[in-house]
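Colleague: Fold the stuff below for me.
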Amino acid sequence: MPKKKNDPEDFSFEEALGQLESIVQKLEGDELTLDQALEFFRKGVALAGACSGKLTAAQQQVQKIVEDAQGDAAMQPLDLSEL
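Modeller: I've put the predicted structure just below:
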């Protein structure tokens, strides 16, 4: 049985974006209680933060590849300690 993902950081970018789109659709409906809407909003903010972090990491990796292409042309793994 696959492990259920609870932490937004455990999702791929595409999974997190899909979850976020689903939450937006639920929030745009008028069938939620205030408590349910607040919980979905909290999850949405966490997913948006995870997506933003993954995009930033990808952007930095692309920048590193481009910089390396100007000299070495070798792809290097992103050193997260540089963030």
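Colleague: need the longest helix for this structure.
Modeller: Scanning the chain for the longest helix, with DSSP state H as the assignment, gives helix 34-69.
Colleague: Distance from the chain centre to that helix, please.
Modeller: 3 Å (Cα atoms, centre = their mean, to the nearest Å).
Colleague: confidence score at the spatially most central residue of the chain?
Modeller: Central residue of the chain (Cα atoms, centre = their mean): C51, 1.9 Å from the mean position. With respect to pLDDT, C51 scores 95.
Colleague: what's around the residue lying closest to it once chain neighbours are set aside, how many residues?
Modeller: Spatially, and ignoring its direct neighbours in sequence, C51 is nearest to A16 (5.0 Å; Cβ to Cβ, 6 or more residues apart in numbering). In this view, the C-beta of every residue, glycine as well, is placed from N, C-alpha and C. The number of residues packed near A16 is 23, by other Cβ atoms under 10 Å.
Colleague: With I65 instead?
Modeller: When neighbours are counted by other Cβ under 10 Å, I65 registers 14.
Colleague: now swap in S22 and tell me
Modeller: 14.
Colleague: Okay, it and A58: tell me how far apart.
Modeller: 22 Å (Cβ to Cβ, to the nearest Å).
Colleague: what does E15 give?
Modeller: E15 is 15 Å from A58, by Cβ to Cβ.
Colleague: What is the least confident helix or strand in this structure?
Modeller: Every helix and strand in the chain was compared by mean pLDDT, DSSP states H and E; the lowest is helix 34-69, with a mean of 93.
Colleague: Now do the same for the residue of the chain most remote from its centre: helix, strand or coil?
Modeller: Distance from the centre of the chain peaks at G71, with 31.0 Å (Cα atoms, centre = their mean). Look at G71: counting by DSSP: H, G, I helix; E, B strand; the rest coil, its state is coil.
Colleague: and stretch 25-38, how far from the chain's centre?
Modeller: So, by Cα atoms, centre = their mean, the centroid of stretch 25-38 is 22 Å from its chain's centroid.
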